[in-house]
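Visitor: sequence? don't have it. structure:
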């Protein structure tokens, strides 16, 4: 792609269906994505090294976005940005430039491998990614935790906004719903499990297999659990950072202190760390062994795969097998994500009107409660009356609130806003309110933007 792509999802990307073309107040959710569907793993590894926890803060401090969350996994490097309406194109270009500079790449080279989504497609993509539907191993469980940790890191750094908070919290809920209600969730699939499944054709008997896990992070813990499920009991762990003993004690495995010796004693080696690389010198002999590299950047020097007796399985090979039709996302899971994105979009579209109506009602309620407090009334009775009035106000607002969301879902929120103005004299735009519109306004500079041809990642 030669220019920053439009906010419209590319064919097959699965944006929220039936999204009405309405005008919004507030801000827009923007996603700049480079994934295993658009780039090779060498580039992804380079980007993952360049993107740090401080990168989100830098995007905000640099004025490129109101808020930012950066997600970096073995499948993708993505920036989710909260930008002012109308600033999506410039924010996307600035983000590409910042990431390219950090990775010592040209912006044009990165742009060719990047996909930019804004509005509802960006939200839909966030929900799908968090639910594991865009992973190498479709439905993998680890991705939800990785997205959550990226969000928490940005929130701790005060790089998020209420709009991003709401979107990421809803994404986590959608992920749980997908796992609970679909075949994708019931499969309990993870990238580790899928890699071990592929390796199973090379392993005669897992119960007699000696396995070495290199790394002590979350993926290492998942790997140990997956190996035990297969019946592996001879398990050791190595870490250059000195955490092997602590990890070994927690997960009841052996701690290895020399990588070369540990590799020499293993039939299967699984690496999942970003700290260092396993080299040719770390393989002591030509005994038959399988080495699975789950790291990004690469944990294993590709030259290791050319050694006698070694079969190297890296993310690129795993991704090739993961594209098999039998691993396609469950249709119900896709529908749940699309529906959740549409509902959330409707809620956000209707939010200014709902906030304005609630403010109008509760402001009037506060006036009446002030009058009540001025009267001579026993405290217990006053508390009961106050609670009853607040409950009544809430019940009164329930139906119009739902009506506003239903109208927004059908692209007719302006009808609700007109009704507020006619009946109460309320102008939602003037009333303000923190909301996140999730589709771009139509007509502004659509022709200046073009849709990327790469498949959504």
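Guide: Arrived safely. Model, not experiment: these values are computed from the prediction.
Visitor: The residue of the chain most remote from its centre and residue 370, how far apart?
Guide: With distances taken as Cα atoms, centre = their mean, the residue sitting farthest from the centre of the chain turns out to be residue 376, at 55.6 Å. Per Cβ to Cβ, to the nearest Å, residue 376 is found 15 Å from residue 370. Just so you know, the C-beta spots here come from the backbone N, C-alpha and C atoms, and that holds for glycine as well.
Visitor: and if you look at residue 171?
Guide: From residue 171 to residue 370 the distance is 41 Å (Cβ to Cβ).
Visitor: more neighbours, these two?
Guide: A direct count of neighbours by other Cβ atoms under 10 Å for residue 171 and residue 370 places residue 171 higher, at 26 against 9.
Visitor: The residue lying closest to that one once chain neighbours are set aside: how many residues sit nearby?
Guide: Using Cβ to Cβ, 6 or more residues apart in numbering and skipping residues adjacent in sequence, the residue nearest residue 171 is residue 130, 4.2 Å away. The tally of other residues near residue 130 (other Cβ under 10 Å) stands at 27.
Visitor: can you tell me which residues contact residue 130?
Guide: By Cβ atoms under 8 Å, 6 or more residues apart in numbering, the residues touching residue 130 are 143, 144, 147, 171, 172, 174, 175.
Visitor: Tell me if I'm right that the fourth one and residue 124 touch.
Guide: If I follow you right, that is residue 171. No: with contact defined as Cβ atoms under 8 Å, residue 171 does not count as touching residue 124 (10.2 Å).
Visitor: quick one on the thing from earlier: just read off the phi/psi values of the residue nearest to residue 171.
Guide: phi -60, psi -30 (degrees, to the nearest 10).
Visitor: mind checking which helix or strand residue 213 is in?
Guide: strand 210-214 (DSSP states H and E).
Visitor: One more: residue 134?
Guide: With DSSP H and E as the criterion, the answer for residue 134 is that it lies in no helix or strand.
Visitor: May I have the phi/psi pair for it?
Guide: Torsion angles, degrees, to the nearest 10, at residue 134: phi -110, psi 10.
Visitor: give me the low-pLDDT residue ranges for the chain?
Guide: Residue ranges of the chain with pLDDT under 70: 1-27, 53, 139, 182-189, 275, 322-330, 409, 429-457.
Visitor: What are the boundaries of the strands in it?
Guide: 27-35, 67-72, 76-84, 115-118, 210-214, 234-238, 254-256, 268-271, 289-293, 310-313 (DSSP state E).
Visitor: Mind giving me the packing neighbours of the fifth one?
Guide: Looking back up the chat, that one is strand 210-214. On a contact count with 3 or more Cβ pairs under 8 Å, 6 or more residues apart in numbering; DSSP states H and E, strand 210-214 meets helix 218-229, strand 234-238, helix 259-264, strand 268-271.
Visitor: just the third one next, same as before
Guide: For strand 76-84, the packing partners by 3+ Cβ pairs under 8 Å, 6+ apart come out as strand 27-35, helix 41-50, helix 54-61, strand 67-72, helix 88-102, helix 120-130, helix 162-181.
Visitor: Show me the one of these that comes nearest residue 198.
Guide: Nearest to residue 198, of all the helices and strands packed on strand 76-84, is helix 41-50, at 16.0 Å by Cβ to Cβ.
Visitor: Check which helices and strands that closest one sits against.
Guide: Right, helix 41-50 is packed against strand 27-35, strand 76-84, helix 88-102, helix 315-322 by 3+ Cβ pairs under 8 Å, 6+ apart.
Visitor: Apply 10 Å and report the result again.
Guide: Here helix 41-50 touches strand 27-35, strand 67-72, strand 76-84, helix 88-102, helix 107-111, helix 315-322, going by 3 or more Cβ pairs under 10 Å, 6 or more residues apart in numbering; DSSP states H and E.
Visitor: next one: the strand holding residue 213 to chain centre, how far?
Guide: 29 Å (Cα atoms, centre = their mean, to the nearest Å).
Visitor: all helices for the stretch 251-400 of the chain, in order.
Guide: Applying DSSP state H, counting those that start in this stretch to the stretch 251-400 of the chain gives helices spanning 259-264, 315-322, 331-374, 379-409.
Visitor: What angle do helix 120-130 and the third one make with each other?
Guide: When you say that, I think you mean helix 331-374. Angle, helix 331-374 to helix 120-130, by axes from the mean of the first three to the mean of the last three Cα atoms, to 10 degrees: 110 degrees.
Visitor: what does the second one give?
Guide: With the same axes, to 10 degrees as the basis, helix 315-322 and helix 120-130 are set at 100 degrees to each other.
Visitor: ditto for the last one
Guide: Inter-element angle recorded for helix 379-409 and helix 120-130: 110 degrees (by the same axes, to 10 degrees).
Visitor: Buried residues, helix 379-409. List them.
Guide: Buried residues in helix 379-409, counted by 16 or more other Cβ atoms under 10 Å: 397, 400, 401, 404, 405, 407, 408, 409.
Visitor: could you dump those to JSON lines with distance to residue 73?
Guide: As requested, those are exported to JSON lines (distance: Cβ to Cβ, whole Å):
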{"residue": "397", "distance to residue 73": "41"}
{"residue": "400", "distance to residue 73": "42"}
{"residue": "401", "distance to residue 73": "37"}
{"residue": "404", "distance to residue 73": "37"}
{"residue": "405", "distance to residue 73": "33"}
{"residue": "407", "distance to residue 73": "38"}
{"residue": "408", "distance to residue 73": "33"}
{"residue": "409", "distance to residue 73": "32"}
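Visitor: Residue 414 and residue 356: what is the separation?
Guide: 14 Å.
Visitor: Which residue of these two possesses the greater neighbour count?
Guide: residue 356 (22 against 14).
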